[in-house]
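*Asks:* Structure of the sequence below:
(one chain, ligands or ions: 1)
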Amino acid sequence: MSCECEVLHRIANNLERYCFPCDSDNIPRNGVYFLFQRGEKSHQADRVVRVGTHTGDNQLQSRLKQHFNQENKDRSIFRKNIGRALLSKSNDTFLKHWELDLTTRKAKDEYGPLIDFNYQKAIEHQVSLYIRENFTFSTFPIASKEERLNIESKLISTLSWCEECKPSSDWLGNCSPKSKIVQSGLWLVNELYKTPMTPSEIDSLSEKIKGCSAHKG
Ligand SMILES: [Zn+2]
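*Replies:* Residues are numbered from 1 along each chain as shown. Take a look at the predicted model:
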């Protein structure tokens with residue numbers, strides 16, 4: 001699997017790279033994204049630490065904004081996981097409140113009185129700063145939802161099976177309370193260790209991406 005993963009890293013590292021805040025006009029409306037993190041290397045390149053996509057049509061840009069810009073952990077599992085690791089690293093007891101999902105009115109009524117919202121806001125801000133300072137991303141377009149989800153799953157599995165892709169010793173994810181993050185070295189808990197991409201699937205993905213950028217240019 002290391003060989004496929006190496007090709008995958010070459011593809012991901014050759015894509016145009018963005019950091020936040022970014023000019024979202026350049027981001028496809030539908031597609032898949034790779035996240036890279038400062039200090040994480042693999043296959044002589046920047047290591048992919050997360051792959052993601054979106055379900056709703058034309059939502060890639062807003063999905064990325066939910067991760068990087070919108071200070072609401074309950075709208076982004078990625079933000080939630082960064083916060084978990086930061087809180088866990090500093091042995092902060094607020095972690096148990098960070099875990100609560102306050103999306104529904106019922107949950108807000110039930111848990112709201114327990115939570116120091118000023119402190120939660122400060123943690124959200126800390127998560128935003130950490131993400132902006134440490135992560136970059138690249139994207140490629142995929143129009144169909146089924147195809148996006150299929151590619152996302154296979155990319156994640158390819159990364160998780162790779163024996164060469166290992167996190168650095170001071171990777172923040174090592175402090176995560178989620179064992180799947182610690183074990184996989186990825187900011188992911190779903191689609192790990194399932195069906196990876198075959199070499200020919202990686203080839204056709206590469207051709208597809210080249211076709212898109214040739215068309216764009
Ligand atoms: Zn790898």
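
*Asks:* what comes into contact with stretch 203-210?
*Replies:* Stretch 203-210 has contacts (CB atoms under 8 Å, 6 or more residues apart in numbering) with Val7, Ile11, Leu15, Phe140, Ile151, Met197. C-beta here means a position set from N, CA and C on the backbone, and glycine is covered the same way.

*Asks:* can you pull the buried residues of it?
*Replies:* For stretch 203-210, a neighbour-count test (16 or more other CB atoms under 10 Å) marks Leu205, Ser206, Ile209 as buried.

*Asks:* Helix or strand: which one has the first one?
*Replies:* Following DSSP states H and E, one finds Leu205 within helix 199-216.

*Asks:* average model confidence for that helix?
*Replies:* For helix 199-216, mean pLDDT is 85.

*Asks:* Dump that helix to PDB, keeping only the CA atoms.
*Replies:* The C-alpha coordinates for helix 199-216 follow below in PDB (Å, rounded to 0.1, in the frame of the first residue of the first chain):
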ATOM      1  CA  PRO A 199      -3.200   1.400  -8.800                       C
ATOM      2  CA  SER A 200      -5.500   1.700 -11.800                       C
ATOM      3  CA  GLU A 201      -8.000   3.800  -9.700                       C
ATOM      4  CA  ILE A 202      -5.200   6.100  -8.700                       C
ATOM      5  CA  ASP A 203      -4.100   6.400 -12.300                       C
ATOM      6  CA  SER A 204      -7.500   7.400 -13.500                       C
ATOM      7  CA  LEU A 205      -7.900   9.800 -10.600                       C
ATOM      8  CA  SER A 206      -4.600  11.400 -11.600                       C
ATOM      9  CA  GLU A 207      -5.700  11.600 -15.300                       C
ATOM     10  CA  LYS A 208      -9.000  13.100 -14.200                       C
ATOM     11  CA  ILE A 209      -7.200  15.800 -12.100                       C
ATOM     12  CA  LYS A 210      -4.800  16.600 -15.000                       C
ATOM     13  CA  GLY A 211      -7.800  16.900 -17.300                       C
ATOM     14  CA  CYS A 212      -9.500  19.300 -15.000                       C
ATOM     15  CA  SER A 213      -6.500  21.600 -14.600                       C
ATOM     16  CA  ALA A 214      -5.800  21.500 -18.400                       C
ATOM     17  CA  HIS A 215      -9.400  22.400 -19.000                       C
ATOM     18  CA  LYS A 216      -9.100  25.300 -16.400                       C
END
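
*Asks:* Correct me if wrong: Trp161 contacts Met197.
*Replies:* No. Trp161 is beyond contact range of Met197, at 10.1 Å (criterion: CB atoms under 8 Å).

*Asks:* neighbour-wise, which of these two wins?
*Replies:* Between Trp161 and Met197, counted using other CB atoms under 10 Å, the more crowded position is Met197 (23 against 18).

*Asks:* wait, what's in contact with that one?
*Replies:* Per CB under 8 Å, 6+ apart, neighbours of Met197: Glu4, Leu8, Lys154, Leu155, Ser157, Thr158, Leu205.

*Asks:* hmm, which two among the residues you listed are most spread apart?
*Replies:* Farthest pair in those (CB to CB) is Ser157 and Leu205. Separation: 13.8 Å.

*Asks:* Look at Arg75 and say how many residues are nearby.
*Replies:* Neighbour tally, Arg75, other CB under 10 Å: 14.

*Asks:* cool, and the one 4 residues further on?
*Replies:* For Arg79, the number of neighbouring residues by other CB under 10 Å comes to 23.
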